[in-house]
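In: With the input below, show me the fold.
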Amino acid sequence: MAIADVIERLRAIEASAPSTDGVVCFARLYREVTEGVAAELAAGQGFADSHFLETLDVRFAELFFSALESYGSDPGSTPSAWVPLFAHRSQRGVAPLQFALAGMNAHINRDLPVALVTTCRELGVGLGDESREHHDFERVDSLLAKVEAHVKSAYVTGWLAWIDRIVHRFQRIDDVIAMWDVGRARDAAWINAQALWALGDAPPLASDYLHALDRMVGLASRGLLIPADSWVLKLGRALGA
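Out: Okay, the predicted model is just below:
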């Protein structure tokens, strides 16, 4: 699989359900991020090791696709981090932005450490803070922040957005947004990857560590998916906005 294949598969997921579906909301954000990374890699924007980033991007995506497939065939085998999003993807009262952030939470906080370790082992590189891989990893943060901000602004638009900003005190979507920061999440993912790497020689402990991380991330996702409807959003839906 290549990055282009990842993008095509994400498009297929977007087309598989209504735009309000929780997994579709996340897939849309994920696709835009992946397209942005692919464009920068193609332009050769000063990355020290583009092969590392390309491999990481694919291994990272494979974890999401695997989790989605496992939930469809054997929910009990699905990582706990992903279960809240998959189980509540059709729940009314949850804003599209909440779905997108819950997906980012599961993917970055649980999957990214695993993908980093897998990629580094595959390519024979390390996870040092001064490594060129870490430098490239951090360079992607600014791109992710831009795409995240764009997608956030796209979920509530027009007159509905204007009114909702005025009366935001009557709803908790601002609090949900405040709970999430992509830069801090990726910093934590790198540290958790270093921990998993260090525990590589102690398989039982490494497995227990990942299991505990998985469950904590799942708990955070459940918090992100608490219905956050305001009366304004409900009115907008009733009027077809």
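
In: Does residue 106 touch residue 221 like I think?
Out: Yes: assessed by C-beta atoms under 8 Å, residue 106 is found in contact with residue 221 at 5.6 Å. In this view, the C-beta of every residue, glycine as well, is placed from N, C-alpha and C.

In: what do these two both touch?
Out: 81-82, 84-85 (C-beta atoms under 8 Å, 6 or more residues apart in numbering).

In: Dump those residues to JSON lines, plus secondary structure.
Out: Shown next, in JSON lines, are those (DSSP: H, G, I helix; E, B strand; the rest coil):
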{"residue": "81", "secondary structure": "coil"}
{"residue": "82", "secondary structure": "coil"}
{"residue": "84", "secondary structure": "helix"}
{"residue": "85", "secondary structure": "helix"}
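
In: List buried residues within those.
Out: Among the shared contacts of residue 106 and residue 221, those classed as buried by 16 or more other C-beta atoms under 10 Å are 81-82, 84-85.

In: Let me know the closest of those residues to residue 136.
Out: Lowest distance from residue 136 to these (C-beta to C-beta) belongs to residue 81, with 24.9 Å.

In: Contacts only, for the closest one.
Out: 105-106, 109-111, 214-215, 217-218, 221.

In: Any stretches of the chain with poor pLDDT?
Out: The chain contains residues with pLDDT under 70 at 45, 147-180, 228-241.

In: which residues of it fall in helices?
Out: 3-15, 22-43, 50-73, 83-87, 96-106, 112-123, 132-155, 158-166, 173-178, 182-198, 203-224, 231-238 (DSSP state H).

In: Looking at the buried ones among the shared contacts of residue 106 and residue 221, which is nearest residue 193?
Out: Using C-beta to C-beta, these come closest to residue 193 at residue 81, 15.1 Å.

In: Against residue 104, how distant is that closest one?
Out: Distance, residue 81 to residue 104, using C-beta to C-beta, to the nearest Å: 11 Å.

In: Next one: the residue nearest the centre of the chain from residue 2, what distance?
Out: Centroid-nearest residue in the chain, with C-alpha atoms, centre = their mean: residue 104, separated by 2.0 Å. Counting by C-beta to C-beta, the separation of residue 104 from residue 2 is 23 Å.
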